[in-house]
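Colleague: need coordinates for the following:
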Amino acid sequence: MSLIFYYFFMAIGLSMDAFSLAIVYGANGINKRKIILLSIIVGIFHFIMPNLGGYLSNILLTNFITYSNFIAGIVFTILGFEMILSFKDEDLKYELGGMIEILLFAVAVSLDSFSVGIALALNNQNLVLAGIIFSIISATFTFLGLMLGKFLSERTGKISKIIGIIILFILAINAFFK
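Modeller: Residues are numbered from 1 along each chain as shown. Next comes the predicted model:
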């Protein structure tokens, strides 16, 4: 039972970047179908990534773990600049257009769970149980973030988009200096 709590609290920590980024996209008027789709895909990636990390831990331990935060930082920076560019045009909303953008979102917020999977594998932890808990919590946090962002956008308009851009750059800086 204590192992489940351990994974639960770890999942909350891993899901905070998904929640923050989801607020940003929710503030841009994402529709309900994409809210559900994105939440499910983020949940799936939070199951796959730690298990993949555990499986590949011996191969990638010396190489990937040092670059995962840098890659996430680059993705968050690119998304931030795209939102700034779309912010200038009143009629243009930056929304997750297709599957590639949705998958990039999911990968960006799941890279840290890949690294956690490596660490869990080194400690002979139950990666399937951890992945299930990570998946449920991250899908829930993504859904809640998207809904909160949508709610804030309807109430505050452009201010929520500016806050979203700031959040993206904070996530990028945080990823670069982890």
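Colleague: spatially central residue in this structure, please.
Modeller: V109 (2.4 Å; CA atoms, centre = their mean).
Colleague: quick one: residues contacting the closest residue to it other than its chain neighbours.
Modeller: Once flanking residues are discounted, V109 sits nearest to A18: 4.0 Å by CB to CB, 6 or more residues apart in numbering. C-beta: built from backbone N, CA, C; applies to glycine. Going by CB atoms under 8 Å, 6 or more residues apart in numbering, A18 touches 42, 46, 109-110, 138, 141-142, 145.
Colleague: and L14, how many neighbours?
Modeller: 25 (other CB atoms under 10 Å).
Colleague: which ones are touching it?
Modeller: Counted by CB under 8 Å, 6+ apart, L14 has contacts 46, 112-113, 116, 134, 137-138.
Colleague: quick check: next helix or strand after the lengthiest helix in the chain?
Modeller: Using DSSP state H to define each element, the chain has its longest helix at helix 127-156. For helix 127-156, the following helix or strand on the C-terminal side (DSSP states H and E) is helix 158-176.
Colleague: so what does that next one touch, helix or strand wise?
Modeller: helix 2-26, helix 68-88, helix 127-156 (3 or more CB pairs under 8 Å, 6 or more residues apart in numbering; DSSP states H and E).
Colleague: pLDDT averaged over it - what is it?
Modeller: Average pLDDT, helix 158-176: 73.
Colleague: between it and helix 2-26, how many degrees?
Modeller: 130 degrees (axes from the mean of the first three to the mean of the last three CA atoms, to 10 degrees).
Colleague: now do helix 158-176 against helix 127-156, angle only.
Modeller: 150 degrees.
Colleague: CA atoms of stretch 8-20 as PDB?
Modeller: Taking C-alpha atoms only, stretch 8-20 is exported to PDB below (Å, rounded to 0.1, in the frame of the first residue of the first chain):
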ATOM      1  CA  PHE A   8       0.700   8.400  -6.500                       C
ATOM      2  CA  PHE A   9       2.800  11.300  -5.200                       C
ATOM      3  CA  MET A  10       5.400  10.800  -7.800                       C
ATOM      4  CA  ALA A  11       2.600  10.900 -10.400                       C
ATOM      5  CA  ILE A  12       1.400  14.200  -9.100                       C
ATOM      6  CA  GLY A  13       4.900  15.700  -9.500                       C
ATOM      7  CA  LEU A  14       5.200  14.200 -13.000                       C
ATOM      8  CA  SER A  15       1.800  15.600 -14.000                       C
ATOM      9  CA  MET A  16       2.300  19.200 -13.000                       C
ATOM     10  CA  ASP A  17       3.900  20.200 -16.300                       C
ATOM     11  CA  ALA A  18       1.100  18.500 -18.100                       C
ATOM     12  CA  PHE A  19      -1.400  20.500 -16.000                       C
ATOM     13  CA  SER A  20       0.400  23.800 -16.600                       C
END
